[in-house]
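Undergrad: Starting from these lines, generate the structure:
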Amino acid sequence: MAKKEIILGVTGSIAAYRTCDIVNSLRRSGFNVTVIMTKEAKEFITPLTLQTLSRNKVYSEMLETPSDWSPVHTSLADMADVILIAPACANTIGKLANGICDDLLTCVVTASSAKVLIAPAMNEKMYSNPAVQDNVKKLKARGVEFVGPVKGPLACGCQGVGHIADSASIISEVKKAVKG
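TA: Alright, predicted model coming up:
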């Protein structure tokens, strides 16, 4: 049986450092992991780190010249068994809820028929903002599943709901999505 392909989207959040553990856990669980990073994510963690851990090329540019002829966004969309966005910032959640495709990650998600899982990570006030909650509801109504966020320490120094779910919970949901 071929390895299942997980596309892991990493967005601009301090929780991007947690992606290292997520990639390692997914690989140990037998998944092939291909990472897509937003421009903002690269401010928190380097593509080289995730390339080394995933053992695959890390993608971030929409108009990158492919090594062979194929549109990058549709090629990645077609290969995905599951798309996991962890961490997912409010900006990316809003873009996906409203059909905005202005970076590689949002284009891949929109072009794919794969199951999408989102692990939000942001300030508690941001997560509870009515606009963000409306976007979460829109995505849930379309079949997107959410893992967290949970109550925990936030980058602002507060404790609150906005902390990314633990890696074990995220990996468990990926495994369920692959089976379902």
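Undergrad: least trustworthy helix or strand in this structure by mean pLDDT?
TA: In the chain, no helix or strand scores lower on mean pLDDT, DSSP states H and E than helix 72-79, which sits at a mean of 70.
Undergrad: For the residue nearest the centre of the chain, give the beta-bridge partners.
TA: To find the centre residue of the chain, average its C-alpha atoms and take the closest one (Cα atoms, centre = their mean): that gives residue 85, at 1.2 Å. Beta bridges link residue 85 to residue 9, residue 118 when assigned by DSSP bridges.
Undergrad: Could you do residue 145 as well?
TA: Each beta-bridge partner of residue 145 is listed here, defined by DSSP bridges: residue 117.
Undergrad: Next one: it from residue 159, what distance?
TA: As judged by Cβ to Cβ, to the nearest Å, residue 145 and residue 159 stand 25 Å apart. For the C-beta atoms, the positions are set from N, CA and C on the backbone; glycine is no exception.
Undergrad: Looking at the two, which one has more neighbours?
TA: residue 145 (17 against 12; other Cβ atoms under 10 Å).
Undergrad: Tell me where this structure has helices.
TA: In the chain, helices defined by DSSP state H lie at 19-28, 47-54, 72-79, 90-97, 104-111, 124-128, 130-141, 167-179, listed in chain order.
Undergrad: now the ones you listed as CSV including distance to residue 61 and mean neighbour count?
TA: Compiled in CSV, these are given as follows (distance: least, Cβ to Cβ, whole Å; neighbours: other Cβ atoms under 10 Å):
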stretch, distance to residue 61, mean neighbour count
helix 19-28, 18, 19
helix 47-54, 10, 17
helix 72-79, 8, 18
helix 90-97, 16, 22
helix 104-111, 6, 22
helix 124-128, 27, 17
helix 130-141, 25, 14
helix 167-179, 25, 17
